[in-house]
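Sequence first, predicted coordinates after that:
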Amino acid sequence: MDQFTATYTDQYQLAMAQVYFKKAAREKEAVFEYYFRKLPFGSGYAIFSGLEDLLKIISDLKFSQADLEFLKKQGFEDDFLEYLKDFKFRGKIYSVAEGDVVFPTRPILQVEANIIEAQIIETLLLNLLNFQTLIATKASRMRLVAGDATLLDFGLRRAQATGGYFATRAAIVGGFDGTSNVIAASEFDIPVSGTMAHSFVQSYDDELTAFRDFAEGRPQNCVLLVDTYNTLKSGIPNAIKVAKEMEERGLKLLAIRLDSGDLSYFAREGRKMLDKEGLDYVKIAASNQLDEFVIKSLLEQQAPIDIFGVGTNLVTGDPDGALDGVYKLVFSDGKPRIKISESIVKVTLPHKKQVFRMKDAKGKCIGADAVAMFEEKHIEEMSHPYEPYKSMKVGKFIQEPLLKLVMENGKVLIEKRSLKEIAAYSSSRLAELPQEYKRFNNPHIYKIGVSERLKAERDQLIKTFKDKLK
Ligand SMILES: Nc1ncnc2c1ncn2[C@@H]1O[C@H](COP(=O)(O)OP(=O)(O)OP(=O)(O)O)[C@@H](O)[C@H]1O
Ligand SMILES: O=P(O)(O)OC[C@H]1O[C@H](OP(=O)(O)OP(=O)(O)O)[C@H](O)[C@@H]1O
Ligand SMILES: O=C(O)c1cccnc1
């Protein structure tokens, strides 16, 4: 993660920061919030990912000497560069826990800092959180349909350049079991695994010798790719021969991999052929442009596939190129701030806030979160954010506050969790979400409400701006 210095940002952040600096506004306090507007993949929920990376990077963030020299050449002024030399993020961050299920239009994370620091970290924050949340959500959809099958990330080669690194991490948060990506596995302590490529088989004059040599070189966790020439007539029979030879040496072939054709048909035929030879322990792995829909379909066809290797569609978040997460100013210099728009959906909610998840007496999520003023502890009624006559009494519900202080004075406050722990937390939060929000077709729309106080504050602010324009 060494590539992240404070110039991992857009130039306009620095242009604004220099003006704040010159106008002696550098101690001006600001609160920005992170949220997204639209769920990706037609999903009924998203999985929040990337927080721990973000906090770690922010806590170490500085401008290098080379950064300062570059900025000088761009015309930034000496006194400002002198200030940047000692730049450190010293603010607070409140956030939803990494791995939690999250929904559009309500704050997931809040930054409270002086305005220069809060502005400089914007691009980095959006870059990390939008991407990982997108990929963790995609991975989670595959986990939902894959049941007990093993899910492996094979995506590095298809990822948008270095994005593959964080895509692997996010895939694990979303419920994948392992990866072929060695650097990410080593950095994030993720189980690493893999099979063999077609080139290995092609490089030999015959498939059987290729399989024998591979099994010799990789006696544990050996997986043979069986579709280079002919899956049923050559690949699987040769794999069976090698599996038998391994048995003679006290070893076990782990799996065969199918990478083309009708995966359900080949898996069924392959299973029969292996079982007939007493090789019922040999697993079947499948790959080839898989996604949540193909995995769901294969399992509905009762394809006996134990391991799915997923590349392109996972790490590129197909078909959604990006999560549209934004970072908006909601409070500064002692005053609430609002962005007015012709489109009511784009009018921001002012003030530092808290978000409550509504739960019934048994602790089950009822499918609603309410956004409130930060000071509010319990709310009686929540209103639809835009539709004036829609509201709901919520006083009787357990109200779980979601935004917790995770950074103070630039220091990370939360204990580092392993990815396994984050993934387990994510899965437990997803289990609390009723089924209707998890289906692929027309999922139920999760309710996001605003407290009466917050709504009144917003409406008053809109009125003030409208009155000014009269
Ligand atoms: N039984 C099945 N049910 C649903 N989808 C399947 C099934 N078998 C394979 N698929 C998926 O259908 C697509 C098939 O892709 P394609 O037509 O390119 O076949 P292919 O076998 O890869 O062809 P080629 O031999 O040229 O590589 C892939 O996304 C694959 O995962
Ligand atoms: O289809 P994806 O979900 O993106 O999964 C990854 C794909 O990458 C590999 O193919 P590639 O042709 O790159 O290499 P190979 O010769 O090892 O098959 C692998 O065999 C999968 O087909
Ligand atoms: O290990 C594998 O089989 C693998 C790894 C990356 C991409 N495709 C396949």
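It's in. Numbering: from 1, shown residues only. Ligands and ions are numbered 1, 2, ... in the order given.

Quick check: closest non-adjacent residue to residue 449.
Excluding the flanking residues, the one nearest residue 449 by Cβ to Cβ, 6 or more residues apart in numbering is residue 382, at 2.8 Å. Glycine gets a C-beta too; all of them are placed from N, C-alpha and C.

For that neighbour, give me its contacts.
Each residue near residue 382 by Cβ atoms under 8 Å, 6 or more residues apart in numbering is listed here: 368, 370, 391, 392, 394, 447, 449, 450, 451, 452.

repeat for residue 352
Counting by Cβ under 8 Å, 6+ apart, residue 352 touches 31, 110, 112, 330, 331, 373, 374.

Please tell me the pLDDT value assigned to the last one.
Turning to residue 374, the model gives it a pLDDT of 98.

ok now do it, which residues does it touch?
Shown here is residue 374, whose contacts under the criterion Cβ under 8 Å, 6+ apart are 351, 352, 353, 354.

Closest one of these to residue 321?
The closest of those to residue 321 turns out to be residue 353 (Cβ to Cβ; 29.0 Å).

what sits opposite that closest one in the beta ladder?
Residue 353 forms beta bridges with residue 373, as assigned by DSSP bridges.

So what's the residue count around it?
24 (other Cβ atoms under 10 Å).

Give me the local confidence score for it.
Taken from the predicted model, the pLDDT recorded for residue 353 is 98.

Name the residues that touch the lowest-mean-pLDDT helix or strand in the chain?
Counting by mean pLDDT, DSSP states H and E, the weakest-scoring helix or strand in the chain turns out to be helix 452-469, with a mean of 92. The contact list for helix 452-469, computed with Cβ under 8 Å, 6+ apart, reads 336, 338, 340, 347, 349-351, 353, 371-373, 376, 379-383, 385, 450.

Narrow those residues to those in strands?
336, 353, 371, 372, 373, 381, 382, 383, 450 (DSSP state E).

Is the second one in contact with residue 370, as I believe?
No. At 10.1 Å, residue 353 and residue 370 do not qualify as touching, with contact defined as Cβ atoms under 8 Å.

what's the helix or strand for residue 94?
With elements delineated by DSSP states H and E, residue 94 resides in strand 92-95, which encompasses its position.

Nearest to ligand 2 within the stretch 101-250 of the chain, name that residue for me.
Of all residues in the stretch 101-250 of the chain, residue 197 sits closest to ligand 2, with a separation of 3.2 Å (Cβ to the nearest ligand atom).

How about the contacts made by that residue?
For residue 197, the set of contacting residues under the criterion of Cβ under 8 Å, 6+ apart consists of residue 225.

Contact partners for the residue in the stretch 351-470 of the chain positioned nearest to ligand 1?
Here the residue of the stretch 351-470 of the chain nearest ligand 1 is residue 440; by Cβ to the nearest ligand atom that distance is 14.9 Å. Residue 440 makes contact with 42, 141, 292, 293, 296 under the criterion Cβ under 8 Å, 6+ apart.

for this protein, which helix is longest?
helix 122-146 (DSSP state H).
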